[in-house]
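In: Curious how this folds, go ahead:
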Amino acid sequence: MSPVRVYLTFGLMMGLLGAACTPTQNVRGYFIDDVLIAEIKSDVDDKGSVLNVLGSPSNVSTFGTDTWYYVTRKTERLAFFEKKIVDQRVVAIEFDDSGVVAEVKRYETEDARTIVMSERVTPTRGKQLSLVQQLFGNLGRFTGEEGNE
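Out: So this is what the prediction gives:
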């Protein structure tokens, strides 16, 4: 094999290896345009004007105050590793009782809080069956003589 072929093969292999390690980026949610957000004025705009300027919100509050959330998140994954949040921005538009904008808040990645899920398990009543008991528990229970009329 000629030295040129060896170098080309080596270069191709290194290129493929480098391409495999390139992080994959994913952007989801509402693209937050600062110019459009600046158009929303407190005590002036209502829900209809916010819909005309920004469109439908990503999420609407369920409890408490009437708030619309516009969320965007950029994540990055390198090969088989877990996703990492690169950038996250949230714009929260809070409305008063009459549907007029009361306040516009912005949140960045630094404002996020990590929520730790509870590892507790709710106990259930009854027997704890093993896998074998679950698989073979009904054998012989139904003979076919009853109910075949």
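
In: Which helix in the chain has the most residues?
Out: helix 3-20 (DSSP state H).

In: what's the next secondary structure element after that helix?
Out: strand 24-29 (DSSP states H and E).

In: Pull that following strand out as CSV, backbone CA atoms only.
Out: The C-alpha trace of strand 24-29 is given here as CSV (Å, rounded to 0.1, in the frame of the first residue of the first chain):
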residue,chain,number,x,y,z
THR,A,24,-25.8,17.7,18.6
GLN,A,25,-27.7,20.8,19.4
ASN,A,26,-31.5,21.0,19.7
VAL,A,27,-33.6,24.2,20.1
ARG,A,28,-37.2,23.9,21.3
GLY,A,29,-39.9,26.3,22.2
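
In: looking at it, D45 is touching V101, isn't it?
Out: Yes. The pair D45 / V101 is scored as a contact, 4.7 Å apart, by C-beta atoms under 8 Å. Glycine gets a C-beta too; all of them are placed from N, C-alpha and C.
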